[in-house]
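Undergrad: Sharing a model that was predicted from the sequence below.
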Amino acid sequence: MDLSLDVVRDVKIYQRLGGYRFSCDALLLTDFVGDKYPRRIADLGAGSGIVGIILAKRFNDSHVKLIELQEKLAALCVKNTDINELSHRVTVANIDVRDASRHIQANTFDLVVSNPPFRKLGTGKLNPFEEKAIARHEISLTLPELVQAAFYLLRGKGRFCFIHHPSRLIETIETLTRHRFSVAVVQFVHPNVNSEAVMTLIEAVKEGNSQLLIQPPLLLDG
């Protein structure tokens with residue numbers, strides 16, 4: 001077996017030793033979602049399922065759809081759903097996020113979350129391992145495609161919470177606005193008080209009209 005079994009909070013997660021493994025990004029995203037209760041949650045590009053499973057544990061009457069393109073990662077989602085005894089509320093779709101409209105009904109989710117690939121092709125170093133490369137670079141999913149899928153899945157006024165790179169913030173806001181999202185909350189993540197932001201947490205509302213709230217910076221060492 002090339003798997004490790006890790007425990008995060010009250011969640012057990014199998015991960016491949018040589019494959020894509022979740023980072024603190026996933027945990028930051030689950031905390032950023034807050035406590036507003038969603039009945040139906042979709043996790044786009046779910047990886048091993050960590051984000052969706054944590055949210056399923058927190059919102060213990062919710063139903064979660066884990067959407068993952070890569071077959072081996074989707075299989076891990078199923079395995080992790082089973083080991084956490086959530087198969088009655090968490091389902092896995094081994095599909096391309098870009099094809100969501102062919103498999104899933106529109107306007108059915110209260111919350112969509114995603115820890116998507118941050119980097120455009122041609123920027124940064126492309127990981128030689130395909131599983132990791134797809135998770136980090138926009139090989140199979142671009143930012144506009146992600147936003148379009150989130151819009152399709154969400155009901156009116158539904159929330160889209162995700163994490164992205166601060167260097168792409170202007171592009172991200174423009175893309176969200178173009179797809180009829182209102183950017184409601186932004187929070188920058190810094191290693192420490194003297195460091196530049198390394199991640200941006202964003203909450204957008206489908207067809208919303210909220211004013212933008214910039215939350216206090218989140219310090220990883222604090």
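TA: Yep, it's here. Residues are numbered from 1 along each chain as shown.

Undergrad: pLDDT on stretch 155-175, on average?
TA: Per-residue pLDDT values over stretch 155-175 give a mean of 96.

Undergrad: again but with stretch 189-209, I slipped
TA: Mean predicted lDDT for stretch 189-209 stands at 96.

Undergrad: same question, stretch 61-75
TA: For stretch 61-75, the mean pLDDT works out to 95.

Undergrad: how about the helices in the protein?
TA: For the chain, the helices defined by DSSP state H cover 24-32, 50-58, 71-83, 100-103, 130-136, 143-153, 169-178.

Undergrad: ok, residue 205 touching residue 185?
TA: No: the pair residue 205 and residue 185 does not pass the contact test of C-beta atoms under 8 Å, sitting 9.3 Å apart. Every residue, glycine included, has its C-beta placed from N, CA and C.

Undergrad: Which of the helices of the chain has the highest mean neighbour count?
TA: With neighbours defined as mean count of other C-beta atoms under 10 Å, the helices of the chain peak in mean count at helix 50-58, which reaches a mean of 24.

Undergrad: Quick one: distance of that one to the chain centre.
TA: Centroid separation between helix 50-58 and its chain, computed with C-alpha atoms, centre = their mean, to the nearest Å, is 11 Å.

Undergrad: about what we covered before: which one of the helices of the chain lies nearest to residue 161?
TA: Nearest of the helices of the chain to residue 161, taken as C-beta to C-beta: helix 24-32 at 6.0 Å.

Undergrad: Give the rounded mean pLDDT of the closest one.
TA: Averaged over helix 24-32, pLDDT sits at 96.

Undergrad: Which residues does that helix contact?
TA: Residues outside helix 24-32 that contact it (C-beta atoms under 8 Å, 6 or more residues apart in numbering): 8, 47, 50-51, 54-55, 58, 113, 115, 161-163, 187, 189, 199, 201, 203, 218, 220.

Undergrad: repeat that with 7 Å
TA: Applying C-beta atoms under 7 Å, 6 or more residues apart in numbering, the contact partners of helix 24-32 are 50, 51, 54, 55, 113, 115, 161, 163, 187, 189, 199, 201.

Undergrad: Could you check how far it is from the centre of its chain?
TA: Computed by C-alpha atoms, centre = their mean, the chain-centroid distance of helix 24-32 equals 9 Å.

Undergrad: ranges for the strands of the chain?
TA: 3-8, 11-16, 40-44, 63-67, 90-93, 109-114, 154-164, 181-190, 199-206, 213-214, 218-219 (DSSP state E).
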